[in-house]
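A.B. asks: could you look at this predicted model? Sequence included:
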Amino acid sequence: MFFRITQRDLLLAMRRRSDVLTTLFFFVIVVSLFPLGVGPEMSMLRTMAPGVVWVAALLASMLSLGRMFSSDHVDGTLEQMLLSPQSLSLLVLGKALAHWLVTGVPLVLMAPVLGIQYDLSADSLLVLTASLLLGTPVLSLIGAIGAALTLGLRGGGVLVSLLVLPLYIPILIFGAGAVEASAAGLGAAAHLSLLGAFLLAAVVLAPWTTAVSLRISME
Amino acid sequence: MGRKTSQGTQYLDMAINWFKYSSPASFYFLAGKMIPLFSVAAVLFCVVGLYIGFFVAPTDFQQGEAYRIIFIHVPAAWMSMFLYVVMAVWAGIGLAFNTRLSSMVATAIAPTGAMFTFLALWTGALWGKPMWGTWWVWDARLTSELILLFLYIGFMSLQAAIDDPRRADKAGAMIALVGVVNAPIIYFSVKWWNTLHQGATVSLTQSPKMATTMLTGMLIMSIACWMYAIAVILIRTRAIILERERHTSWVGELQGAKS
């Protein structure tokens, strides 16, 4: 059932490919705007790169949160999911996985290319990609809680950013910190381990919290 | 022997039936009696605390007179953190036991908590300018206080966006609980981030020993803040009760008695 949900969401995403591309291009555009704002000096860009890429990834992943439950809510599928004997947490985990595959993975794949624009070294590019690989699933999982709570509310899109962005802060700190630490010669292992710990904690706790939130929003 | 006459259920308990005041109707009148008490206490403690702070406490040999802002700053910072936990606890109780009053109290706490957070940030900036020559440093404590303000704002705007009060209560409780679980993680990550960057050149640590009068003044001021917070929260809870229970007969009787 878990994979069935993921498969279905992926299929739906493929049918509306432009949504996926919009998120990705948003990410690319935001990252490309920064040099235009602060100037093309390479040494400064190099120090800024991890933070810029991570903040843009946060925003891009947040922008697409609205779609996670809203279309299912509108056509009544979500109600059927709530009524089904399957564990709702598991269904939510499936949907979060689909969200990550659709929005997170393209960002991870795109990040090295954008990192080259910022003149990052090969090591830093590797660490940046690894940190995004570990961090973006957490963004999808935490974001699911916000998406569930703001389901069907007016101004939900802005509201979800108010709720979710403060919770993203640890991911941002350790994600961007990993690249900086490796560039400073400290090694990124500690940061990446913490990101992994966040991922494990989020996989256990977030789907359950999201399921409770969905029941609150749908009752 | 307590006999619960209003609901018609009858059971015995040892001394007082505490659950009597979990009903909004009886709490409304209890709160009405408590508000003057706490308001007077707040004013008294505030006057005494400020007097000690401004006239009795000695001038700091390092920081001069400017340090006196701690008599407001530190109690406000304490309150901002305490109130978030208290709010999350009440919201959690409301979610778990489906008690309406606890959720109303949680809703009533949020604006006061946000106010204290803002006050702590604002007085911190005013203190920072003469001490460190800057309004703001990305110090771990300042940053996490700012994030706490964001958490309060998120809670309040979520509740404001939901029309159905029951859903607002429960959704607010969820986000408050998620926030309270996250708060230590956020705090420590900000702290590590800060030490990694070594950005702040000034340390917030106090001069080693604080004069007893300073400590007394600060403690009295924090009692004053507690009293103020309780009084304001009770007033706000009463307003929320009236708003939500406006269709009930007892509120109708209340209005009839007034006019």
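C.D. replies: Now that the structure is in, tell me what you want to look at.
A.B. asks: for stretch A:7-24, what is the distance to the chain centroid?
C.D. replies: Centre-to-centre, stretch A:7-24 and its host chain are 15 Å apart (Cα atoms, centre = their mean, to the nearest Å).
A.B. asks: for the one helix or strand residue A:80 maps to, packing partners?
C.D. replies: Per DSSP states H and E: residue A:80 is located in helix A:77-83. Where contact means 3 or more Cβ pairs under 8 Å, 6 or more residues apart in numbering or on different chains; DSSP states H and E, helix A:77-83 is packed against helix A:66-75, helix A:88-99, helix A:189-218. Any C-beta I mention is one placed from the backbone N, CA and C, and that applies to glycine too.
A.B. asks: quick check, the longest one touching chain B?
C.D. replies: Yes. Part of helix A:189-218 sits near chain B under the criterion Cβ under 8 Å from any Cβ of the partner chain, namely A:205, A:209, A:212, A:213, A:216, A:217.
A.B. asks: now do the contacts for the residue of chain A most remote from its centre.
C.D. replies: Most distant residue from the mean C-alpha position of chain A: residue A:41, 29.3 Å away (Cα atoms, centre = their mean). By Cβ atoms under 8 Å, 6 or more residues apart in numbering or on different chains, the contact list for residue A:41 is empty.
A.B. asks: for residue A:176, what are its contacts?
C.D. replies: Applying Cβ under 8 Å, 6+ apart to residue A:176 gives the contacts A:50, A:51, A:53, A:54, A:131.
A.B. asks: near chain B, which residues of chain A show up?
C.D. replies: For chain A, the residues in contact with chain B (Cβ under 8 Å from any Cβ) are A:145, A:149-150, A:153-156, A:159, A:162-163, A:165-167, A:169-170, A:173-174, A:177, A:180-181, A:205, A:209, A:212-213, A:216-217, A:219.
A.B. asks: and with 7 Å instead?
C.D. replies: Neighbours of chain B within chain A, by Cβ under 7 Å from any Cβ of the partner chain: A:145, A:149, A:153-155, A:159, A:162-163, A:166-167, A:169-170, A:173-174, A:177, A:209, A:212-213, A:216-217.
A.B. asks: so how do I select the buried members of those in ChimeraX?
C.D. replies: Burial among the residues of chain A next to chain B is assessed by 16 or more other Cβ atoms under 10 Å in any protein chain shown; the matching ChimeraX selection reads:
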select /A:145,149,153,159,162,163,166,167,169,170,173,174,177,209,212,213,216,217
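A.B. asks: out of the residues of chain A next to chain B, which sit inside strands?
C.D. replies: Among these, DSSP state E puts none in strands.
A.B. asks: for the closest residue to residue B:67 other than its chain neighbours, give the beta-bridge partners.
C.D. replies: Closest residue to residue B:67 apart from its sequence neighbours, by Cβ to Cβ, 6 or more residues apart in numbering or on different chains: residue B:60 at 4.3 Å. Assessed by DSSP bridges, residue B:60 has beta-bridge partners residue B:64.
A.B. asks: can you pull the pLDDT of residue B:60?
C.D. replies: Looking at residue B:60, its pLDDT reads 70.
A.B. asks: check the one 5 residues further on too.
C.D. replies: You'll see residue B:65 listed with a pLDDT of 76.
A.B. asks: could you do residue B:5 as well?
C.D. replies: 45.
A.B. asks: mind giving me JSON lines with the residues of helix A:189-218 next to chain B and columns for pLDDT?
C.D. replies: Shown next, in JSON lines, are the residues of helix A:189-218 next to chain B (pLDDT from 0 to 100):
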{"residue": "A:205", "pLDDT": "93"}
{"residue": "A:209", "pLDDT": "94"}
{"residue": "A:212", "pLDDT": "93"}
{"residue": "A:213", "pLDDT": "93"}
{"residue": "A:216", "pLDDT": "90"}
{"residue": "A:217", "pLDDT": "89"}
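A.B. asks: just for the stretch 1-150 of chain B, where's the confidence low?
C.D. replies: Applying pLDDT under 70 to the stretch 1-150 of chain B picks out residues B:1-18, B:61-62.
A.B. asks: can you do 80?
C.D. replies: Residue ranges of the stretch 1-150 of chain B with pLDDT under 80: B:1-22, B:57-67, B:131-132, B:139-140.
A.B. asks: next to chain A, which bits of it? Give me the list.
C.D. replies: Counting by Cβ under 7 Å from any Cβ, the residues of the stretch 1-150 of chain B near chain A are B:147, B:150.
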